[in-house]
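Novice: Using only what follows, build the 3D model:
(one chain, ligands or ions: 3)
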Amino acid sequence: QNELLVYYQPVHDLKTCRLIGVEALVRWEHPQRGLVSPAQFIPIAERTGLIAQIDAWVMRQACEQMCQWLRAGVALSFVAVNVSSRLFAGRELYQQVAQVLRETGLDPACLELEVTESAVMEDPEVALEQMHRLRELGVQLAIDDFGTGYSSLLRLKRLPVQKLKIDQGFVAGLPCDEDDAAIVRVIIALAQSMGMQVQAEGIEQVEQAAFLLEHGGHLGQGYWFGRPVPAMLLDWARTPVISPR
Ligand code: C2E
Ligand code: MG
Ligand code: MG
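Specialist: Ligands and ions are numbered 1, 2, ... in the order given. Alright, predicted model coming up:
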């Protein structure tokens, strides 16, 4: 019923503070309930099977929007979309991604697919095969909510993944909580040693950004940089200053 919307949250380079990418996040604008969060309806869509159509729609919107931005001369490196574990396990995902890329003409290197760590570790062998096929299309792969899903490090090493996204649960405790600080440092070191980028989510305070920058974190997103907003409200010029702690 045309009630879904795609919001975009900026992702910033921690060193230059420049906006370099966006994550597409779906919203449901319900006529009575107002804006419904995906945390509420995605699990239901997963149970009922509607998730495949939702994710396909979001991916298409995001790719079309990215093409528009690039045509308009916006210096943006990637648009990231979330892929449900339901889709990730199936065969259709590859077809779907290939079709959207073909029809929109988007450079595959500009599309990043986010899969949660738990979806990957649910069936690591299937995940490995799926990821290799997707990589053949030229898209980027990221592991979302990293640190929450019991990764086997041996398996992680073999995955053709370009980015780890540190779960916001760990970022929330920075810089004071010693456990969170230790975990975040370890994830950054792990990503670096495996040649992956590392992106922290849920950065709400400048102290968190400063900690991440200090410890070699590469990318960040969170309310401190900018909330998810409709495409037309993104502020391309915003380069907030991360003052040292
Ligand atoms: P996610 O992919 O880990 O996305 C990050 C979530 O954290 C988003 O919630 C975002 O709005 C929120 N967030 C960003 N910065 C901050 C911050 O500084 N503080 C706090 N407290 N939260 C922050 P959102 O948009 O409600 O999405 C929730 C989850 O729903 C996503 O988690 C993702 O797993 C799922 N999701 C969203 N859109 C889609 C979609 O199109 N397809 C699928 N399959 N899942 C989606
Ligand atoms: Mg995500
Ligand atoms: Mg996440």
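
Novice: biggest strand in this structure by residues?
Specialist: Using DSSP state E to define each element, the chain has its longest strand at strand 19-30.

Novice: any idea of the pLDDT on the nearest residue to residue 161 once chain neighbours are set aside?
Specialist: With sequence-adjacent residues excluded and distances taken as Cβ to Cβ, 6 or more residues apart in numbering, residue 161 is closest to residue 141, at 4.8 Å. For the C-beta atoms, the positions are set from N, CA and C on the backbone; glycine is no exception. As predicted, residue 141 sits at a pLDDT of 98.

Novice: after the longest strand of the chain comes which helix or strand?
Specialist: Proceeding C-terminally, strand 19-30 gives way to strand 34-36 as the next helix or strand, assigned by DSSP states H and E.

Novice: near ligand 1, which residues of the chain show up?
Specialist: By the rule Cβ under 6 Å from any ligand atom, the part of the chain lying against ligand 1 is 9, 25-26, 37-39, 42, 51, 55, 58, 82, 84, 114, 144-145, 168, 201-204, 222-223, 228.

Novice: If we check ligand 3, which of the residues you listed are in contact?
Specialist: The residues of these that also fall near ligand 3, by Cβ under 5 Å from the ion, are 144, 145.

Novice: What helices and strands are in contact with the longest helix along the chain?
Specialist: Among the segments of the chain that qualify as a helix by DSSP state H, the longest is helix 51-71. Using 3 or more Cβ pairs under 8 Å, 6 or more residues apart in numbering; DSSP states H and E, the elements in contact with helix 51-71 are strand 4-13, strand 19-30, helix 38-48, strand 78-82, helix 85-88, helix 92-104, strand 111-116.

Novice: Comparing the ones you listed by mean pLDDT, which bottoms out?
Specialist: When the helices and strands packed on helix 51-71 are ranked by mean pLDDT, helix 85-88 comes last with a mean of 88.

Novice: What are the contacting residues of that one?
Specialist: Taking Cβ atoms under 8 Å, 6 or more residues apart in numbering as the criterion, the residues outside helix 85-88 that touch it are 46, 49, 51-52, 55, 93, 96, 115-116, 118-120, 122, 127, 130.

Novice: re earlier: elements contacting the longest strand of the chain?
Specialist: Partner elements for strand 19-30 (3+ Cβ pairs under 8 Å, 6+ apart): strand 4-13, strand 34-36, helix 38-48, helix 51-71, strand 78-82.

Novice: Just want the angle from whichever strand or helix holds residue 209 to strand 4-13.
Specialist: Element membership for residue 209 (DSSP H and E) is helix 206-214. Following axes from the mean of the first three to the mean of the last three Cα atoms, to 10 degrees, one obtains 60 degrees for the angle between helix 206-214 and strand 4-13.

Novice: ok, then the element right after helix 206-214?
Specialist: Once the chain leaves helix 206-214, the next helix or strand it forms, by DSSP H and E, is strand 219-220.

Novice: okay, now the residue nearest to residue 121 when sequence neighbours are not counted: neighbour count?
Specialist: Here the nearest residue to residue 121 in space, its sequence neighbours aside, is residue 149; by Cβ to Cβ, 6+ apart that works out to 5.4 Å. Residues within reach of residue 149, counting by other Cβ atoms under 10 Å, total 16.
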